[in-house]
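# Structure of the sequence below:
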Amino acid sequence: MKRQLSKRIIALIATFTMVFAAGNVVLATESEEEELVTRLYTELLGREGSEEEVAYWSGVARSGNVSGTQLVMYFLESEEFLSRGISDTDFVSALYTGILGREGGESEIGYWNDFLQNGTSRFYVVSGILRSSEFGSICAACNMEQGNYESTRLSDTHLNVSAFVARLYKNCLGRRYDRDGLNYWLSELLNKKKGGLEVARGFFTSDEFIGMDLIDEQFVTVCYETLLGRRPELDGLRYWVSQLGSKAKTRNEVLELFCTLPEFRGLCDEYGIFYSTEQIRDQYPEACAVLDKVGWDIRKAYDWSVGITYVRSDTDISLGTRNLAHNGFTTRKGNCYVYAATFYEMTKAMGYDSHQIVGYVKNRNGGLSPHSWVEIDMEGTTYVFDPEFEQTKDGRDGWKFKYGRSGTWMYADYKRVN
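Numbering: from 1, shown residues only. Coordinates of the predicted model:
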């Protein structure tokens, strides 16, 4: 992209060139496409686009082959833009002036800055602005489709988890997160390799935190603010400082005690993360091993259970959910009780309020046959998941339905066994 005529000169030429036709003077104005492209150069790339550059991209816009979103993303994903070292505030301001053609208000800039402070990438902000009706109006004026853009970065698709990690950087280490570090902890949490407890330990026992060389009062205050989400009360602060000062407790012991408090567990719940995956992996080791392979996703877990080979047998719930699940995980064969037990354990490992169910279903002879499936309480509703039904009944769907749905079995005399 060559730098030639300045924006001011281009604008003057486009706006005030006199065209004499039939003795009349007509003022030729800059097109909507040229105005947008010119802004993208000056506000996003920080320089004036050359006459050739503006003409080229204006032609691309007029071609009808790209949407407004695609046009903007050509600029935002260019090495020239990505190499600019501007602050978050300047970045958001540039999006408003470059894409929307106006200054962003103080509340608007602050709104998006809050997301950036909480770990989302800059492209999350981009997606929000490109989806706006205001940008849609600009695209309409340019005779372009608006298009759509969604950031698929981990921090942008898991906002709560990202915010949990970002606050650990801020409250524990006293600094803004770095992107590589944020992504590492996000991956650990999302892949269920660590829970909130293990991640908090990682921050408090890091060389960086230890190197801060805090005095006892500062250490306890950081524990309160990071793990409980509040400032310490005076009596509590004095108690913990005295415990450390008298050597009755070590800092690691104080950390562990703070992490066992209901307030920290509640903080983990608030951000939608597991309190501790150590407990989950101890309780459901085989389920976790499968989830590590297929992904910690309820649909993937369900599909895995559907893929069990059906074997007719007399095995029933008397064997116990744990033993039934073990048989399924080790052989990937079994009857309905095995199907339900494996899916139950995987959903429990993922934190769902799930239950293995035993009961009966109506058979083709009009009688009742024993059967087992899974209920999960979600979004204030109880849903049925029946992987064995889907496996053995061609073309039938046993995924997430309510009792009585057409095309499913008629369930009767059922109860939860856990």
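# Per-residue pLDDT of the residue nearest to G49 when sequence neighbours are not counted, please?
Once its chain neighbours are removed from consideration, G49 has its nearest residue in Y41; the separation is 3.4 Å (CB to CB, 6 or more residues apart in numbering). C-beta coordinates here come from the backbone N, C-alpha and C atoms, glycine included. With respect to pLDDT, Y41 has a value of 96.
# How about the secondary structure of M144?
Remark: M144 carries the secondary structure label coil [criterion: DSSP: H, G, I helix; E, B strand; the rest coil].
# Just the helices from the stretch 251-400 of the chain, written as ranges.
In the stretch 251-400 of the chain, helices defined by DSSP state H, counting those that start in this stretch lie at 251-259, 262-270, 277-283, 285-294, 298-306, 321-331, 336-349, 387-392, listed in chain order.
# would you turn those into TSV with mean pLDDT?
As requested, the helices of the stretch 251-400 of the chain are exported to TSV (pLDDT from 0 to 100):
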stretch	mean pLDDT
helix 251-259	95
helix 262-270	93
helix 277-283	86
helix 285-294	95
helix 298-306	96
helix 321-331	96
helix 336-349	96
helix 387-392	93
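# my read: S162 touches L154, true?
Yes. Contact criterion CB atoms under 8 Å: S162 and L154 qualify, at 7.5 Å.
# Looking at these two, which one has more neighbours?
When neighbours are counted by other CB atoms under 10 Å, S162 comes out ahead of the other of S162 and L154, with 28 against 17.
# after the helix or strand hosting the more buried one, next one along is what?
Element membership of S162 [criterion: DSSP states H and E] is helix 159-168. Tracing the chain C-terminally past helix 159-168 and defining elements by DSSP H and E, one meets helix 179-190 next.
# next one: the helix or strand that that following helix is followed by to chain centre, how far?
Going down the chain from helix 179-190, the next helix or strand is helix 196-204, by DSSP H and E. Between the centre of helix 196-204 and the centre of its chain there are 20 Å (CA atoms, centre = their mean, to the nearest Å).
# just checking, what packs against helix 196-204?
If you count contacts as 3 or more CB pairs under 8 Å, 6 or more residues apart in numbering; DSSP states H and E, helix 196-204 packs onto helix 159-168, helix 179-190, helix 251-259, helix 262-270, helix 277-283.
# Quickly compare those and say which is most buried.
helix 159-168 (a mean of 21; mean count of other CB atoms under 10 Å).
# I'd like the distance from stretch 35-42 to the chain centre, please.
In terms of CA atoms, centre = their mean, the gap separating the centre of stretch 35-42 from the centre of its chain is 32 Å.
# just stretch 124-135 next, same as before
Its chain's C-alpha centre lies 18 Å from the corresponding centre of stretch 124-135 when counted by CA atoms, centre = their mean.
# can you pull the pLDDT of the residue nearest to the spatial centre of the chain?
For the chain, H158 is the residue whose C-alpha lies nearest the centre (CA atoms, centre = their mean; 1.4 Å). Note for H158: predicted pLDDT of 95.
# if I look at it, how far off is A325?
Using CB to CB, to the nearest Å, one gets 28 Å for the distance from H158 to A325.
# on that earlier part again, who's in contact with the residue nearest to the centre of the chain?
Taking CB atoms under 8 Å, 6 or more residues apart in numbering, we find H158 in contact with 186, 190.
# Report the separation between it and G147.
As judged by CB to CB, H158 and G147 stand 24 Å apart.
# same question, Y177
With the distance defined as CB to CB, Y177 ends up 31 Å from G147.
# For these two, indicate the residue with more neighbours.
Between Y177 and G147, counted using other CB under 10 Å, Y177 has the larger neighbour count: 21 against 18.
# was I right about R153 contacting Y124?
Yes. Here R153 reaches Y124: they are 7.5 Å apart, a contact under CB under 8 Å.
# more crowded one of those two?
Residue environment comparison for R153 versus Y124 gives the larger neighbour count to Y124, 20 against 16, counting by other CB under 10 Å.
# residues touching the closest residue to G196 other than its chain neighbours, list them.
Setting aside the residues directly before and after it, G196 is nearest to C268 in space (CB to CB, 6+ apart), at 3.8 Å. Under the criterion of CB under 8 Å, 6+ apart, the contact list for C268 reads 164, 195-197, 274-275.
# pLDDT weak spots in this protein?
Applying pLDDT under 70 to the chain flags the ranges 1-30.
# list the contacts for N252?
The contact partners of N252, by CB under 8 Å, 6+ apart, come to T205.
# change it to 10 Å
With CB atoms under 10 Å, 6 or more residues apart in numbering as the criterion, the residues that contact N252 are 201, 204-205.
# By neighbours, which of these wins?
Greatest neighbour count in those, by other CB under 10 Å, goes to F204: 24 neighbours.
# Touching, it and V220? I think so.
No. Contact status for F204 versus V220: not in contact, 12.0 Å apart, counting by CB atoms under 10 Å.
# Quick check: neighbours shared by these two?
A shared contact of F204 and V220, defined by CB under 10 Å, 6+ apart, is any residue touching both; here these are 251, 254, 258.
# residues in contact with the first one?
Yep, that's R251 we're talking about. 204-205, 210, 214, 216, 219-220, 223, 240, 244.
# Give the buried residues for stretch 321-329.
Neighbour-count burial for stretch 321-329, with 16 or more other CB atoms under 10 Å as criterion, is recorded at 321, 324-329.
# To D88, which of the helices of the stretch 251-400 of the chain lies closest?
Between D88 and those, the shortest separation by CB to CB is 24.6 Å, and it involves helix 262-270.
# From K293, how far off is the residue nearest to A301 when sequence neighbours are not counted?
Beyond its immediate neighbours in the sequence, the residue positioned closest to A301 (CB to CB, 6+ apart) is M346, lying 4.0 Å away. According to CB to CB, M346 stands 11 Å off from K293.
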